[in-house]
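Colleague: After the sequence you'll find the predicted model.
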Amino acid sequence: MHRPTASTQPIESTRPPIDGGWHCSHFYYTWNRDRLADMPPAQVAEGRAALISTLDPAREGQPLRVQTSIVSGAKADFGLMVMDPDPLVVDSVHQQLMASPLGPAIVPGYSFVSMTEISEYVMTAEQYGERLVAEGETAGSGVYETKLKAYADRLVHMNHQRLTPNFPAYTNTCFYPMNKKRKVGENWFLLPKEDRNAMMSEHAKSGMAYAGKVSQLITVGLGLEDWEWGVTLWATNPEYLKDIVYHMRFDEASARYAEFGPFYASYVSTAAAMLDHCLIGK
């Protein structure tokens, strides 16, 4: 083993992802009702106004993406999804909440820190061309070139959306972390790349069946979190969240090699609507 040679060039230390992506954090909180009951009405009113301002996506200096949601069930009362090139700008929203007049009554319950990425299983235009030939198209033919160009154009948009996503208009959402197994006999990371590609292609086709109903964003937590990936789903109806997760569980990449953490189901709202739903200051 050779000792690495020392670099003579200084290495700049930066925080934004070098591939042009964003940092992403999911936060989940519960209200401490005892602390709220002890707060004077004026403090609660001040806290409402401060929280609404803190979570306003249009506020000056805000992270590039901020989404508030009302969480269903007892795991949490409300959740945030925050994205920005700078992880400290992302975390500043959490710090402002905790330092606000309502901060003593806000209990952090769960968080997931990750970054956006372009998956290694996304086909390049060249790989898509090879698949077209394998499916019977003639390289260089009119049909081949038309399909290849359409995919290449679509790929630019898809990769941009993966790295710097816009939130979809859908208001039903869920989040869950996941790993790929590293067990004896079921170790995803020891499989040949060709096998992993084939299974992820099957997985992607299952998801495509829900186009127009479900939007998905996968962010990577490797090196940052206890779980390797975070999956955020938005849907036009909560039933589609159930359906797509159930459907994709039968794919080998999921059925054999995936492990899942807790699921958080929630409903996108404004900060004011969340406070009203949680009966804060009403």
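Modeller: Received, thanks.

Colleague: Mind picking out the helix or strand in this structure with the poorest mean pLDDT?
Modeller: Ranking every helix and strand in the chain by mean pLDDT, DSSP states H and E puts helix 125-134 at the bottom, with a mean of 86.

Colleague: For that helix, which helices and strands make contact with it?
Modeller: Counting contacts by 3 or more CB pairs under 8 Å, 6 or more residues apart in numbering; DSSP states H and E, helix 125-134 packs against helix 142-163. Using the backbone N, CA and C atoms, a C-beta is placed for each residue, glycine as well.

Colleague: before we move on, back to that, can you list the residues that contact the least confident helix or strand of the chain?
Modeller: Met123, Ala139, Tyr144, Lys147, Leu148, Tyr151, Ala152, Leu155 (CB atoms under 8 Å, 6 or more residues apart in numbering).

Colleague: Stretch 179-193 too?
Modeller: With contact meaning CB under 8 Å, 6+ apart, stretch 179-193 is reached by Arg196, Trp227, Glu228, Trp229, Arg256, Tyr257, Ala258, Glu259.

Colleague: Of those, which is the nearest to Ala58?
Modeller: Trp229 (30.0 Å; CB to CB).

Colleague: quick one: pLDDT of the closest one?
Modeller: Note on Trp229: pLDDT of 98.

Colleague: when you give positions from now on, start the count at 295
Modeller: Got it, first residue is 295 now, which makes that one Trp523.

Colleague: Angles on the backbone of it, please.
Modeller: When quoted as degrees, to the nearest 10, the phi and psi of Trp523 stand at phi -140, psi 160.

Colleague: about what we covered before: narrow the contacts of stretch 473-487 to just the buried residues.
Modeller: In these, burial by neighbour count holds for Arg490, Trp521, Glu522, Trp523, Tyr551, Ala552, Glu553, counting by 16 or more other CB atoms under 10 Å.

Colleague: tell me which residues in the least confident helix or strand of the chain are buried?
Modeller: Result for helix 419-428 [16+ other CB under 10 Å]: buried residues Tyr422, Gly423, Leu426.

Colleague: what does stretch 432-449 give?
Modeller: Neighbour counts using 16+ other CB under 10 Å place Lys441, Leu442, Tyr445, Leu449 of stretch 432-449 among the buried residues.

Colleague: cool, and stretch 545-561?
Modeller: Asp545, Ala547, Ser548, Tyr551, Ala552, Glu553, Gly555, Tyr558, Ala559, Ser560, Tyr561.

Colleague: Now do the same contact list for the first one.
Modeller: For Asp545, the contacting residues are Met493, Glu496, His497, Ser500, by CB under 8 Å, 6+ apart.

Colleague: just the buried residues of stretch 545-561 now: which is nearest Leu358?
Modeller: The nearest member of the buried residues of stretch 545-561 to Leu358, counting by CB to CB, is Ser560 at 20.5 Å.

Colleague: what's the helix or strand for the closest one?
Modeller: strand 558-563 (DSSP states H and E).

Colleague: before we move on, back to that, what about the contacts of stretch 473-487, which are in helices?
Modeller: If you go by DSSP state H, the contacts of stretch 473-487 have Arg490 in helices.

Colleague: Would you mind giving the contacts of stretch 473-487 as a markdown table with distance to Gln337 added?
Modeller: As requested, the contacts of stretch 473-487 are arranged in a markdown table below (distance: CB to CB, whole Å):
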| residue | distance to Gln337 |
| --- | --- |
| Arg490 | 54 |
| Trp521 | 37 |
| Glu522 | 42 |
| Trp523 | 40 |
| Arg550 | 53 |
| Tyr551 | 50 |
| Ala552 | 46 |
| Glu553 | 43 |
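
Colleague: Sitting in strands, which of the contacts of stretch 473-487 do you find?
Modeller: Within the contacts of stretch 473-487, residues falling in strands by DSSP state E are Trp523, Ala552, Glu553.

Colleague: With adjacent residues omitted, what lies nearest to the second one?
Modeller: This means Ala552. Met472 (5.7 Å; CB to CB, 6 or more residues apart in numbering).
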